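*Asks:* heads up, no residue letters with this:
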């Protein structure tokens, strides 16, 4: 459905501008006149599908919260989309909402209209919206979506804080050491050669490292890039994704944090879907696809198969390498008491707190280690270069005396 840019005046004389989907100019003009807007200019705007980008999760959370408040206040669906879309700073998101509004005006349900924007609204969102529309609790579902996305942003922030600091420190230390070996150490080598100094073992080791860096600097700089590229290509395969995702969860310290993040994400997603009225089989499928880890996805699909066959969720979860016994027991209690959604939300709350504590502990542990490694690397190179100088100074002092 094409997008049109329009300008007009309201009954009060105020100028109104906006974008809207319509089958043609005549349909848009009629729609504007029904809203008591006198159109003065209507121009078709070409919006290529390829230019659409993903919308930040934080923006989506704010959108759903505003949408929930407006629906709860009794505003019509189209008017809500028009008001929110017209005040967005993100132009890409504004275009998406304009298309959603146009589809809704054309007779489509909100869930169907959102399914036409897969880069912005995923299966989880569309299924929850569909459940809210069919159950007449759209405002409640929108509120749950906003809470879910806010929790997702919090988890993502925890992941970044857990990864960015050690990676940045290691990268910074590596660049410093590389620069010292490539540019600084050769200056000392020429000095030692002119003085015919006797070099101690640490100095000779550093000089050999410097020669290696000077000869194969292209390999040292290109290897990390090639390694990252190769791992990404391998991770794109089904086998590679399973192997790497399994290894990530087994990494000391960091693997424990990522495991807790995965459990919190699983519990929050499944609990939100179940409490919103999405069928359990569909909820398990969506949770598996959005888990972000191949091992967890495989486990959840096995859980789905067991539930489809009339079995409980406990056995597949217990046999997995991810979910601890406490989570399995709480899910089992939720199944028996019919309070699965509440139990999953409690698990998610518990593990989100665990993620916060584990992230702080990990950073507290890694900080002195990283500083020590940086100091040892740089300090070791500097000291090894000055050791022959100390020896020469000692010899000269003995000659003077």
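*Replies:* Cool, the structure landed. Every value quoted in this text rests on a predicted model; they were computed, and no experiment measured them.
*Asks:* I'd like to know which elements the helix or strand that contains residue 6 is packed against.
*Replies:* Residue 6 belongs to strand 3-10 when assigned by DSSP states H and E. On a contact count with 3 or more CB pairs under 8 Å, 6 or more residues apart in numbering; DSSP states H and E, strand 3-10 meets strand 15-21, helix 25-34, strand 37-45, helix 91-105. Using the backbone N, CA and C atoms, a C-beta is placed for each residue, glycine as well.
*Asks:* Direction included, what does that strand pair up with?
*Replies:* Strand 3-10 sits in its sheet next to strand 15-21 (antiparallel), strand 37-45 (antiparallel), going by DSSP bridges.
*Asks:* need the contact list for residue 203.
*Replies:* Residues in contact with residue 203, defined by CB atoms under 8 Å, 6 or more residues apart in numbering, are 192, 384-385, 387-388.
*Asks:* So which of those residues is the closest to residue 129?
*Replies:* Proximity of the contacts of residue 203 to residue 129 (CB to CB) peaks at residue 384, which lies at 64.6 Å.
*Asks:* residues near the closest one, how many?
*Replies:* Look at residue 384: counted by other CB atoms under 10 Å, it has 21 neighbours.
*Asks:* Over to residue 4?
*Replies:* The burial count for residue 4: 24, using other CB under 10 Å.
*Asks:* so where's the stretch 151-300 of the chain uncertain?
*Replies:* For the stretch 151-300 of the chain, the stretches flagged by pLDDT under 70 are 162, 197.
*Asks:* Once you drop chain neighbours, what's closest to residue 81?
*Replies:* residue 101 (4.1 Å; CB to CB, 6 or more residues apart in numbering).
*Asks:* how close does the one you found sit to residue 8?
*Replies:* 17 Å (CB to CB, to the nearest Å).
*Asks:* Neighbour count: the two, which is higher?
*Replies:* More neighbours surround residue 101 than the other of residue 101 and residue 8, with 24 against 20 (other CB under 10 Å).
*Asks:* wouldn't that one be in contact with residue 78 here?
*Replies:* Yes. Applying CB atoms under 8 Å as the test, residue 101 and residue 78 come out as touching, 5.8 Å apart.
*Asks:* The stretch 101-250 of the chain: helices as residue ranges?
*Replies:* Taking DSSP state H, counting those that start in this stretch as the criterion, the stretch 101-250 of the chain carries its helices at 110-115, 123-135, 138-179, 185-195, 201-215, 217-235, 238-249.
*Asks:* Can you say which of those is packed in most?
*Replies:* Most buried of the helices of the stretch 101-250 of the chain, by mean neighbour count (mean count of other CB atoms under 10 Å): helix 110-115, with a mean of 21.
*Asks:* What are the contacting residues of it?
*Replies:* Helix 110-115 is contacted by residues 77, 99-101, 103-104, 120-121, 125-127, 129-130, 133, 138 when judged by CB under 8 Å, 6+ apart.
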